[in-house]
Every structure is written in structure tokens, then in C-alpha cells.
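# here are the coordinates; sequence isn't available:
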């Protein structure tokens, strides 16, 4: 099974873009040959999908890449470096790369994994999404699905 997984926090404005892309996929019945999963801010739940039956995972999330707001880019897991400095692991501040590393160290199956990063325009403590990103949600969904099937 292939998984398109959205991460994000609805209360941090553009940080919600990953889950909003997943909502678009589900609401428009675009799941064909894969499952769209909304993990919200609980990236620790990714472990449930690290299973021998999983053939590919593409994670959609905001990413500060130094690009123009709304720009997007697909990365393989070995092309991504974390900038987070976290003392531990919790459902609220988990680092996806750290989760994958811990799962690998524990002998968990790690399927092909990639990231679809979207440069945020505004991160703030408010529910919503910037117009810059909101207008591109259908495009992000198409591009993410295409990237998932190229893995």
C-alpha cells in the first residue's frame, strides 16, 4: 500500500497545509491506488505505517526551504536535514526524521519515504491558511500524488 500522509497544525496557520492537502484529496475522491492519511500534529503515529506491506510513503508538510512562499519541492528522506533541536520525543514536538531513525534502529521496516515540502507564507497562532497557499491546494494535491507514484 502507498500512503500520502499529511502533517500539520490547524492552529498555526500555514503549518496546516499538509492536512489541508489531505482533506482536498479525500473530499475530491482522489484516492486511487493509495490511501490519504491525516496525522495532524501527531507525527509519532507514522510508526503505524512502517510496515512490510507499505510500498511508499510521501509526507506532505510545511518546510522552510528559503524559497518563495507557496513554492514546493519533493525530497527523498536522505536529502532532508532536520533543524529541530529536541530533547525528547512527544506527539506534540516530534521530528519525523528522528522517528524514522528510532524505528530503523528498532528493526522496523522502513519503506521508500519522501517529503513534499511547501514553503509557508505565514506561521502564527491562528486557525486558517494564507491565500498564497490556499489557492494552490489542488495543485499541491496533484503534484504530491504524482510524486507518490514516481517513488
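Received, thanks. Keep in mind the model is a prediction, meaning the values are calculated, not measured.

# which element is residue 23 on?
helix 17-27 (DSSP states H and E).

# quick one: contacts of that helix?
4-8, 10, 30-31, 36-40, 59-62, 118, 120, 129, 133-134, 137-138, 140-141, 144-145 (CB atoms under 8 Å, 6 or more residues apart in numbering). For glycine as for every other residue, the C-beta is placed from the backbone atoms N, C-alpha and C.

# Among those, which are located in helices?
Counted as lying in helices by DSSP state H, out of the contacts of helix 17-27, are 133-134, 137-138, 140-141, 144-145.

# can you pull the buried residues of the worst-scoring helix or strand of the chain on mean pLDDT?
Ranked by mean pLDDT, DSSP states H and E, the weakest helix or strand in the chain is helix 96-105, scoring a mean of 87. Using 16 or more other CB atoms under 10 Å as the test for burial, helix 96-105 gives 96-100.

# right, and out of those, which lies closest to residue 74?
Distances from these to residue 74 were compared by CB to CB; the smallest belongs to residue 96, at 14.8 Å.

# need the ones in helices among the contacts of helix 17-27 in TSV with distance to residue 67, can you?
Shown next, in TSV, are the ones in helices among the contacts of helix 17-27 (distance: CB to CB, whole Å):
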residue	distance to residue 67
133	13
134	18
137	17
138	20
140	14
141	19
144	16
145	21
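
# Would you point out the most distant pair within the residues you listed?
Spatially, the most separated pair among the ones in helices among the contacts of helix 17-27 is 134 and 145, at 18.6 Å (CB to CB).

# So for these two, which residue has more residues nearby?
Set residue 134 next to residue 145 and count neighbours by other CB atoms under 10 Å: residue 145 wins out with 22 against 14.

# could you pull out the strands for the protein?
2-7, 35-40, 56-62, 72-76, 113-118 (DSSP state E).

# Show the buried residues in the contacts of helix 17-27.
Among the contacts of helix 17-27, those buried by neighbour count (16+ other CB under 10 Å) are 4-8, 30, 36-40, 59-62, 118, 120, 129, 133, 137, 140-141, 144-145.

# in the helix holding residue 23, what's buried?
Residues 17-26 are the ones in helix 17-27 that count as buried (16+ other CB under 10 Å).
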